[in-house]
Structure formats: structure tokens, C-alpha cells
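**Q** Give the three-dimensional model of this entry:
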Amino acid sequence: MANQTQRKCYRCIIVDDEALGRELIEMHLAQFAEFELVASCNSAIEAHQVLQNQSVDLLFLDIEMPVLKGTDFYQNLAHKPYVIFTTAYRDYAIEGFELDAVDYLLKPIVFSRFFKAVEKFKQRITNIHHAEPNVPTQQAPNAMFVRENRKQVRIVFENVLYVEGLKDYIKIFLCDGSHIIKSSMSAFESQLPENFARVHRSFIVNVDHISAYAHQYLELGEIEIPIGDQYREHLKNKLA
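**A** Predicted coordinates:
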């Protein structure tokens, strides 16, 4: 009876584009009664959808995935759970630890190494609670970095007016300039805070800068942006 009623303490998700990779972590994780597996995702985009609706303490996050790398995904999350990176490539270790990862696991992941990483996570949680019992552990970032011309460029969210999709690229329009980066609209949208809204297949806007709107368009000062039929209701809810 005690095992059946034991409360899970830590909620986690697994993100890996390879099914075998996810299954191995699920098997290791099943050995820990205090962990609850919220979801097992095959992409960063799927993981982002889970994070929008679920409270999560820890990510087991593969780095090398198609469309969006695990490190790029984690770096730009508005609310970051703790992360243990997993990868088949040793070269990513430094990049992972620069993001304050709890640990970095090299595939194939043996249980003894997995156990050590989980213990490090639990120890970090314990240390924070003892050191800062009344201080929030995470704050929503007000900016993100994007890669442009081999540089990481800082984008402050409140300065973004809107984003336009350009096939395989997007153009980010700021109050004082613009940047063009290689990304899909969906991948970039998944990294934005809640005050951004998709209003058209090719446009995302910062709703804080909307000065007026009508049935088929909205205005950002003197800039006019079309509103797609399928996005109209969502925008109205954002502005309500």
C-alpha cells in the first residue's frame, strides 16, 4: 500500500529523436520511485508543447536533433527546468555545461552513469532549497540569442515588433533595426514569451506593440500586418 500511494517528487520529460534512446532512459528512470515521467518526446517542438501545459522539474534532452538542436532549444526557453543533456558526440560537452546543465551523458548510457547524474540533480535541488528557501529559483528571461553571420546576437523581446517568415529564414523586425536568421516560423515561435502571437502564416507579432486592429489587419504604429482567418480568434483572445 505504501508504494501505491507514494507521491512522485520530481516531474521530468525525455526529449530524443531516436526511439531507442528514449526507451533506454525510460527503463533507467523506472528504477527511481520519486520520478514521474510526464512525457517522452521525439522533438524539441513536441517538448515545448508539453512545457506550455505541464510543470516540469527536469529534462533529459538530446543535443543533436533535426530541425532544432537541444542546446538551442534549451538556451531560448522562457522558463528553464533543470537539464541533463544526452548525446552520442563528446564534442558537445563544453556547450552543454555552459548552459549550466546538471550533467552530460554520453550514449549509450549505462545505468551506473545515469544513477550518478540523477543524484547530482537531487543534490542540486537540495542545495538550492537549503541556501535560498524564500528565493524563486527561476526567472523568465527577457532576451534570447540568435545565430546570424556566425555570431550569437542578443534579441531583447520588448524591442521586437514582429517576425516575418521568408521560406527557410525569418526576419526579426526590431524598434531599431532587423536581423535575418535561418529558422522556421514554428521553431522560432516556440521560443517566444506569451506576449507574442502568430497572426498569419508568415507573421508573428509582439502584441504589446499593437496600436490598432481591424477584421483583416492590425497596425504596429504605421506598419500594417495581415491577419489570417485561422489566427483571428486566437489574437482576439490575446487582446481581450
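**Q** Averaging pLDDT per element, find the lowest-scoring helix or strand in this protein.
**A** helix 2-5 (a mean of 40; mean pLDDT, DSSP states H and E).
**Q** And the next helix or strand after that helix, what's buried?
**A** Downstream of helix 2-5, the first helix or strand assigned by DSSP states H and E is strand 10-15. Of the residues in strand 10-15, 10-15 count as buried by neighbour count, 16 or more other Cβ atoms under 10 Å. Backbone N, C-alpha and C define where each C-beta goes, glycine included.
**Q** same thing with stretch 67-84?
**A** 68-78, 80-84.
**Q** Distance-wise, check the most centrally placed residue in the chain relative to Leu192.
**A** Geometric centre of the chain, nearest residue: Leu77, 3.6 Å, by Cα atoms, centre = their mean. Leu77 is 11 Å from Leu192, where distance means Cβ to Cβ, to the nearest Å.
**Q** go on, Ile227?
**A** Noted for Ile227: a distance of 18 Å to Leu192, by Cβ to Cβ.
**Q** And Lys182, by the same measure?
**A** 17 Å.
**Q** For these two, indicate the residue with more neighbours.
**A** Leu192 (19 against 12; other Cβ atoms under 10 Å).
**Q** quick one: pLDDT of that one?
**A** With respect to pLDDT, Leu192 has a value of 88.
**Q** that's a helix at it, yeah?
**A** No. Counting by DSSP: H, G, I helix; E, B strand; the rest coil, one finds Leu192 to be coil, located in no helix.
**Q** Quick one: name whatever helix or strand follows the longest helix along the chain.
**A** Counting residues, the longest helix found in the chain (DSSP state H) is helix 111-131. Using DSSP H and E, the helix or strand that directly follows helix 111-131 along the chain is strand 143-148.
**Q** Could you spell out the sheet neighbours of that following strand, each with its direction?
**A** Here strand 143-148 is paired, per DSSP bridges, with strand 151-156 (antiparallel).
**Q** Give me the contacts around the strand it pairs with.
**A** Under the contact criterion Cβ atoms under 8 Å, 6 or more residues apart in numbering, strand 151-156 has outside partners 142-147, 172, 174, 179.
**Q** so how far is stretch 225-240 from its chain's centroid?
**A** Stretch 225-240 sits 24 Å away from the centroid of its parent chain (Cα atoms, centre = their mean, to the nearest Å).
**Q** need the helices for the chain, in chain order.
**A** With DSSP H as the criterion, the chain has helices at 2-5, 19-29, 44-53, 70-75, 93-98, 111-131, 185-189, 232-239.
**Q** export the ones you listed to TSV and tack on distance to Asp208?
**A** Below are the helices of the chain laid out as TSV (distance: least, Cβ to Cβ, whole Å):
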stretch	distance to Asp208
helix 2-5	46
helix 19-29	38
helix 44-53	19
helix 70-75	23
helix 93-98	31
helix 111-131	32
helix 185-189	16
helix 232-239	10
